[in-house]
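**Student:** Could you look at this predicted model? Sequence included:
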Amino acid sequence: MTSYVLDLPVPATVPVEGTDALFPVHRIYCVGRNYAAHRREMGGDDRDPPFFFAKPADAVVPPGGVVPYPGRTSNLHHEIELVVALKGGGRDLTPDQALDLVYGYAVGVDLTRRDLQNAAKDKGQPWEAGKGFDASAPISAIRPWTGAPPSGTIAISVNGQVRQSASLEDMIWNIAEIIAEASKLWALAPGDLIFTGTPEGVAAMVAGDEVSGQIEGVGELSFRIAP
Ligand code: MN
């Protein structure tokens with residue numbers, strides 16, 4: 001049996017509805033600007049192709065976990081997103097093949113240090129400090145799923161006030177297309193999560209805020225921003 005020179009934590013995990021068994025997280029990919037109105041509020045052009053960035057696997061915060069207000073920012077934004085959890089993998093997939101990889105869906109929040117992201121954009125620098133920080137991916141339990149992807153309402157409230165509310169049908173690239181496109185860039189693998197982009201209405205939160213996200217047919221997610 002292989003031994004290791006360091007003891008590391010077991011893989012990051014997300015609970016699954018209907019079972020005590022956990023979903024092990026391999027990698028987290030995220031789609032940028034996949035809803036037209038949000039693309040415009042970020043200063044993009046409707047013809048820009050969507051693109052991907054990543055977060056560390058252990059950025060996930062399962063339900064009930066603590067989401068601390070991160071350091072080095074004074075502009076922490078919420079981005080409510082449908083998350084796809086993969087049970088299969090492959091490369092260079094077609095959209096027709098893509099949905100066979102899906103284990104289930106979850107509600108996620110792509111937490112963003114917007115000031116650091118904007119500074120990185122201005123300087124042509126990478127986005128990890130703005131996007132891939134500790135506890136930057138709160139997520140609900142995963143709902144196992146077969147067939148056509150969710151298509152209902154996606155929304156998030158802060159202290160009871162709705163901040164973002166849209167239809168999953170407003171996505172520019174649909175779930176099958178996102179998986180297929182990602183598989184051209186990476187060999188996708190079981191345990192990968194893909195955050196599929198956020199609609200318009202991203203805004204700042206402060207410590208003490210109560211955050212509640214919902215996706216029709218998928219589930220809901222609540223957390224408090226701790227000091
Ligand atoms: Mn996002």
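**Tutor:** Here it is on my side, so go on. Numbering: from 1, shown residues only.

**Student:** center of this protein - which residue?
**Tutor:** Closest to where the C-alpha atoms of the chain average out (CA atoms, centre = their mean) is Phe195, at 3.1 Å.

**Student:** what does this protein put close to the ion?
**Tutor:** Within reach of the ion by CB under 5 Å from the ion, the chain has these residues: 79, 110, 198. From N, CA and C alone the C-beta is placed, and that goes for glycine too.

**Student:** SS state for the last one?
**Tutor:** In other words, Thr198. At Thr198 the chain is in coil, as set by DSSP: H, G, I helix; E, B strand; the rest coil.

**Student:** returning to that earlier point: just the buried residues out of the residues of the chain next to the ion, in ChimeraX syntax.
**Tutor:** Buried residues among the residues of the chain next to the ion (16 or more other CB atoms under 10 Å), as a ChimeraX selection:
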select :79,110,198
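
**Student:** Present the residues of the chain next to the ion as TSV; the columns should include pLDDT and distance to Ala137.
**Tutor:** Shown next, in TSV, are those (pLDDT from 0 to 100; distance: CB to CB, whole Å):
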residue	pLDDT	distance to Ala137
Glu79	98	10
Asp110	98	7
Thr198	97	13
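
**Student:** Let me have the residues of the chain next to the ion in JSON lines, extended by distance to Pro63.
**Tutor:** Formatted as JSON lines, those follow (distance: CB to CB, whole Å):
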{"residue": "Glu79", "distance to Pro63": "18"}
{"residue": "Asp110", "distance to Pro63": "17"}
{"residue": "Thr198", "distance to Pro63": "19"}
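
**Student:** which residues in the protein form helices?
**Tutor:** 36-41, 95-98, 114-123, 128-131, 175-185 (DSSP state H).

**Student:** Tell me which residue in this structure sits closest to the ion.
**Tutor:** Closest contact between the chain and the ion, by CB to the ion, is at Asp110 (3.5 Å).

**Student:** residues touching that residue, list them.
**Tutor:** 30, 55, 79, 81, 131, 136-137, 195, 198 (CB atoms under 8 Å, 6 or more residues apart in numbering).

**Student:** again with Met205
**Tutor:** 69, 76-78, 158, 211, 225.

**Student:** 10 Å - rerun?
**Tutor:** Met205 makes contact with 67, 69, 75-78, 109, 111, 158-159, 163, 211, 225 under the criterion CB atoms under 10 Å, 6 or more residues apart in numbering.

**Student:** Neighbour-wise, which one of these leads?
**Tutor:** Leu111 (28 neighbours; other CB atoms under 10 Å).

**Student:** Do I have it right that that residue meets Ile156?
**Tutor:** No - counting by CB atoms under 10 Å, Leu111 stays clear of Ile156, with 11.5 Å between them.

**Student:** okay, and the common contacts of those two?
**Tutor:** Common contacts of Leu111 and Ile156 (CB under 10 Å, 6+ apart): 78-79, 211.

**Student:** now, which of these sits nearest Gly219?
**Tutor:** Val211 (14.6 Å; CB to CB).

**Student:** Okay, and the beta partners of that closest one?
**Tutor:** Assessed by DSSP bridges, Val211 has beta-bridge partners Val158, Phe223.

**Student:** Neighbours of Thr196, how many?
**Tutor:** Neighbours of Thr196 under the rule other CB under 10 Å: 26.

**Student:** Nearest residue to it in space, please, no chain neighbours.
**Tutor:** Leu82 (4.9 Å; CB to CB, 6 or more residues apart in numbering).
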